[in-house]
Structure formats: structure tokens, C-alpha cells
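**Q** Task: produce atomic coordinates for the following.
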Amino acid sequence: MNVHLIAIGGSAMHNMAIAMHKKGFNVTGSDDEIFEPSKSRLAKLNLLPSKEGWDVNNIHKGLDAVILGMHARIDNPELIKAQELGLKIYSYPEYIYEQTKDKIRVVIGGSHGKTTITAMILHVLNFHKIDCDYLVGAQLEGFDTMVKLTKEAKIAVIEGDEYLSSPIDRRPKFHLYKPNIAILSGIAWDHINVFPTFDFYVEQFRIFVDQIEQGGSLVYCELDEEVKKVCEGARSDIKKFPYGIPKHKIENGITILTVQQPSTNNHELNIFGDHNLMNLNGARIVCNQLGINDELFYEAIKSFKGAAKRLELVKKNASSAMYKDFAHSPSKLKATTQAVKKQFPDRKLIACMELHTFSSLTEEFLKEYDGSMELADDAIVYFNQHTIEHKKLKPITVEQVKKAFGGNNIRVITDSQLLQDELLKMNFENKNLLMMSSGNFDGIDFKAFGEKIIK
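**A** Here you go, the predicted structure:
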């Protein structure tokens, strides 16, 4: 197979290139800019384009497939040439389906928890040496790539993102995977630049559920009212498995499952928080569908340390800890803040979040954040005016942000160095620090910063 990737440098695209190369395909690619770690990883396998930019000579009739990345534009010269030649052009998710259509496809959908649930399922399968293909949205410990495609594996575990498939395919990615086993973790309005109303956003999840193969399974969080409505209204031929929070206790900052299957056992976990526990329960039921019983599941999940940037421990000592989390939407902020506060009730919580995504920096969406950080003892909201200008959005003010979040515990800072200085001045004895963002607060090295904060 001869395959060319337009916009090969993206995090998902370069991982797909590596996966197809390992499968034995002849892979080429192009991009107008490629950054680390994509650059080094592609170069190591001789997949790095010889020059940056687009070149119509990359496109020829000898190609079996052209895969179009989201970073490319509809007027991309290579795309236009491929269209003129009548070549088969796939979006990223279309090609994932093409490579997994003869396998048992497990697709993880939801506004939050997708990466964690996917990581949990992969961890359990890997622990028990069950081979599978996969697509996951983060680099996981113990896995070389974020994408694996093979001829041999009979199972494919796919993180089902609801964002658009490609510049010429405006369908959400998770509409294209057609799961045999689907899981839906939660619905909380996101991506308002694509889904301008909540109802329109929810409709995408109804379509996702409707794409489940005949006689397939649907695992869903019954504690989320929107999820419950969508899933209980699904086709009658689909087998439905609701889940909630498993029985557990917290002792000295450690969460312990107290399950009675097959006999009463306590299982200490490396993870914590109600959302993580719900994610674990959903992953357990999915694994049951794949032939892994509860005993085998619990044996494996005890060693799961969490997905990168998902309540990830940066540094700790006997009386304090620093965590970082990918949380950026209102529901994620609330759940993550609550998780840390509940896990360490005797410690004060300093919670910092960065307004970084298109939605979070939009004036009309800001009001959705009301009360989302109220459980923190000291809450700091950071944003950078240059980011707003770069995204060509209407300016927002410190006063607007403070009012939107509500509460007397909110401070708003717009200078990254000032934020760091403020935190470094604090005494973190008997306190925890939680840093939440899909970015990095404009250049904070979390590991180095954690070393300074937690002595």
C-alpha cells in the first residue's frame, strides 16, 4: 500500500504514519511546519519530509490512499491535485475505520473521560497480554505510539472524539467508527465554534449511539442525565449496560475499592476522584464484553497510574502535592477540583486554570463557568490577551472573567510570570496545588515548577 498523509506533523497524524509504516505500508507525507516530538519521531523512521511545505509532485496515480489531516486547508494544492486525479481521499477517522472494519471495534465517546477510559481498557488488555489495535488521544505509559494498526489483532480500541473529521468532511470523528461496543461517559457542551447550541451538540451523541452495529453493546454513565436520556432512547437491538460510582473508601489519601466480586476484596488504586471511579467502572464493563471477568480486571487496574495530564501527580511530599490536569471545560473544572478536595479534605486547595480553548475565551461561553471552582480555597484564573488576539476573538476583561466564575475565592491574572511569582511566594505546607489547562500557562515547565513549589 502506498499512502500519503497531508499534514503529517500533527500529533494524531504522525502517530498514524508510524503505525502504517510498522504495518509495512510505504508512507510519505507533507506539512508546512513540523514541531517536536513529531519531527524526531518521524525522522527516526525516515518518514520526515525532506522539506517543509506542500508539493503537488507528492501526489500521483500510484497512491492507494491520501489521508487529509485537520491542519490542512480546503485550498491545499496537494488536496486539489488528489481530487483532480480522482484518488481516494480519507479523513483520519475514515482511514481508522477502513483499517479496523473487520475487527471488534470498541469506541469510547463523551465530553470528558475518553482518554482515561481508553487508557484503562488498554492497560488491562496489555496487562493480560491481549493484542489489540488502538487510537488514543495521549501518549500512554508502556505504549510506543498513540496509534497501532496491525493485521493480526482482532480488537480495536478507539477514542471517539466529537470534533470534525477533516477540512472537507465536517462530520464528528466518532460518527465514522461504527462501534460493536460503545461507551458514553458524559455530555457537557464543548466546541461551541462548531456546535453553537447545546441541543445541536447533544444530537451528535444520539447519532454516535445510532451508529452502533446491529446487536452491539452500549455502556453508559447513568449518573449523567443527558447521557441517560440519549442511551435509554437508543435502538432496542442494542444491549445496554449502565454504570455509576463503584463502592470505595478513602484512607490517608488513597482510594480503595471495596468490591464483592467474586468475594469481598479491597483494591488500592493509584487514581482517585468520582469521575475516575466512574471511568473505571465503565472500563470494567467494556472489558467484561471482551471476555475479561471482574477478578482479572481488578488484578490489572490496581497498577494503572492514569493517563498523561489527567489528574497527573507532578510532585508530592508528606504534607502537600502538585497535580496537573487537562481540564478546561466547566464540568471538568468542577469535577477535578472536587476530586482533589475530597481526596485530601484536611488540606487547603490552590486551584489554577487557564482559559485557553476557543470556547473558554468566548464572551458568551464564559458564564458557563459560574461556580466551577467554588470548592477551591484559593482559585486563580489565568488568560493571555495575545491568545485571544491570535484566535481573532472579541477581547474579554479581568472583571468579566471574575464575574463569570463568581465567588469570593477567585483571582484573575493575565501575566504568566506574575502567576508563577504569586504561587512561589505561598507556603504549601498542608496545601495542594492543582494546575488545569489544555495548554501550559504560556510556558510553565510543570516538572521544574513542581520541584520549586514542593520542597
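**Q** drop to CA atoms for contacts and neighbour counts, all remaining ones
**A** Will do.
**Q** how about the residue most central in space within the chain, secondary structure?
**A** With distances taken as CA atoms, centre = their mean, Thr115 lies nearest the centre of the chain, 4.2 Å away. Three-state call for Thr115 (DSSP: H, G, I helix; E, B strand; the rest coil): helix.
**Q** give the contact list for it.
**A** Counting by CA atoms under 8 Å, 6 or more residues apart in numbering, Thr115 touches 136-138, 159, 307.
**Q** Pick out the most distant pair among the residues you listed.
**A** Largest separation among the contacts of Thr115 by CA to CA: Glu159 and Ala307, giving 12.8 Å.
**Q** Those two: who's more crowded?
**A** Of the pair Glu159 and Ala307, Glu159 is the one with more neighbours under other CA atoms under 10 Å, namely 27 against 21.
**Q** looking at it, the more buried one is touching Gly110, isn't it?
**A** No - Glu159 lies out of contact with Gly110 (CA atoms under 8 Å); the separation is 9.4 Å.
**Q** per-domain residue ranges of the chain.
**A** Domain segmentation of the chain under automatic domain parsing yields 2-87, 95-301, 312-453.
**Q** Run the chain-centre distance for the last one.
**A** What that stands for is domain 312-453. Averaging C-alpha positions (CA atoms, centre = their mean, to the nearest Å) puts domain 312-453 18 Å from its chain's average.
**Q** For the stretch 101-250 of the chain, just list every one of the helices.
**A** 114-127, 198-210, 225-232 (DSSP state H, counting those that start in this stretch).
**Q** Return the residues in contact with the closest residue to Asn293 other than its chain neighbours.
**A** Distance criterion CA to CA, 6 or more residues apart in numbering; nearest residue to Asn293, sequence neighbours excluded, is Cys287 at 7.3 Å. Cys287 makes contact with 121, 124, 293, 297, according to CA under 8 Å, 6+ apart.
**Q** Contacts only, for the first one.
**A** With contact set as CA under 8 Å, 6+ apart, Ile121 has these partners: 157, 283-284, 286-287.
**Q** now it: how far from Asp294?
**A** As judged by CA to CA, to the nearest Å, Ile121 and Asp294 stand 13 Å apart.
**Q** Mind listing the shared neighbours of the two?
**A** Arg284.
**Q** Which among the helices of the stretch 101-250 of the chain is found nearest to Ala318?
**A** Closest among the helices of the stretch 101-250 of the chain, using CA to CA: helix 114-127, at 26.8 Å.
**Q** could the domains of the chain go into JSON lines alongside mean pLDDT?
**A** Shown next, in JSON lines, are these (pLDDT from 0 to 100):
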{"stretch": "domain 2-87", "mean pLDDT": "96"}
{"stretch": "domain 95-301", "mean pLDDT": "94"}
{"stretch": "domain 312-453", "mean pLDDT": "92"}
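**Q** hmm, back to that, so of the helices of the stretch 101-250 of the chain, which one's packed in deepest?
**A** Ranked by mean neighbour count, the helices of the stretch 101-250 of the chain are led by helix 114-127 with a mean of 24 (mean count of other CA atoms under 10 Å).
**Q** quick one: buried residues of stretch 278-290?
**A** 278-287 (16 or more other CA atoms under 10 Å).
**Q** whoops, stretch 407-415 was the one
**A** So stretch 407-415, judged by 16+ other CA under 10 Å, has buried residues 407, 409-414.
**Q** So which of those residues sit within strands?
**A** 410-413 (DSSP state E).
**Q** Just the angle for the top helix by length along the chain relative to helix 114-127, thanks.
**A** Determined from DSSP state H, the single longest helix within the chain is helix 274-289. Counting by axes from the mean of the first three to the mean of the last three CA atoms, to 10 degrees, helix 274-289 lies at 40 degrees to helix 114-127.
**Q** I'd like the next helix or strand past helix 274-289.
**A** Note on helix 274-289: by DSSP states H and E, the next helix or strand toward the C-terminus is helix 294-301.
**Q** quick one: contacts of that following helix?
**A** So helix 294-301 is contacted by 120, 123-124, 127-128, 261-262, 267, 269, 284, 287-288 (CA under 8 Å, 6+ apart).
**Q** again with stretch 125-136
**A** 115, 118-119, 146-150, 153-159, 300.
**Q** how long is stretch 418-429 end to end?
**A** End-to-end for stretch 418-429, by CA to CA: 21 Å.
**Q** nope, stretch 176-183 is what I meant
**A** Stretch 176-183 end-to-end distance (CA to CA) = 15 Å.
**Q** CSV please, covering the ones in strands among the buried residues of stretch 407-415 and showing distance to Asp32.
**A** Shown next, in CSV, are these (distance: CA to CA, whole Å):
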residue, distance to Asp32
Ile410, 41
Arg411, 39
Val412, 36
Ile413, 34
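**Q** Return the closest of these with respect to His60.
**A** Distances from His60 to these, taken by CA to CA, are shortest for Ile413, at 52.0 Å.
**Q** Stretch 69-85 spans what distance, first to last residue?
**A** End to end - CA to CA - stretch 69-85 spans 19 Å.
**Q** Next, the buried residues of it.
**A** 69-72, 78-79, 81-82.
**Q** picking up where we left off before, which pair in the contacts of Cys287 spans the largest distance?
**A** Ile121 and Asn293 (12.8 Å).
**Q** can you give me the helices for the stretch 301-450 of the chain?
**A** 330-343, 363-366, 385-390, 398-405, 416-424, 446-453.
**Q** Nearest to Pro196 among those would be which one?
**A** helix 363-366 (10.2 Å).
**Q** I would like the residues contacting that closest one, please.
**A** So helix 363-366 is in contact with 359-360, 394, 396, 401, 404-405, going by CA under 8 Å, 6+ apart.
**Q** And the furthest pair within those residues?
**A** Lys394 and Phe405 (18.5 Å).
**Q** related to what we said a few turns ago, can you list the contacts of helix 294-301 in a markdown table and add distance to Asn430?
**A** What follows is those, written out as a markdown table (distance: CA to CA, whole Å):
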| residue | distance to Asn430 |
| --- | --- |
| Met120 | 31 |
| His123 | 33 |
| Val124 | 35 |
| Phe127 | 36 |
| His128 | 39 |
| Gln261 | 37 |
| Pro262 | 39 |
| His267 | 27 |
| Leu269 | 22 |
| Arg284 | 35 |
| Cys287 | 39 |
| Asn288 | 41 |
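**Q** Which single one of those residues is nearest to Leu48?
**A** His123 (30.0 Å).
**Q** Tell me which residues touch that closest one, please.
**A** Per CA under 8 Å, 6+ apart, neighbours of His123: 300-301, 304.
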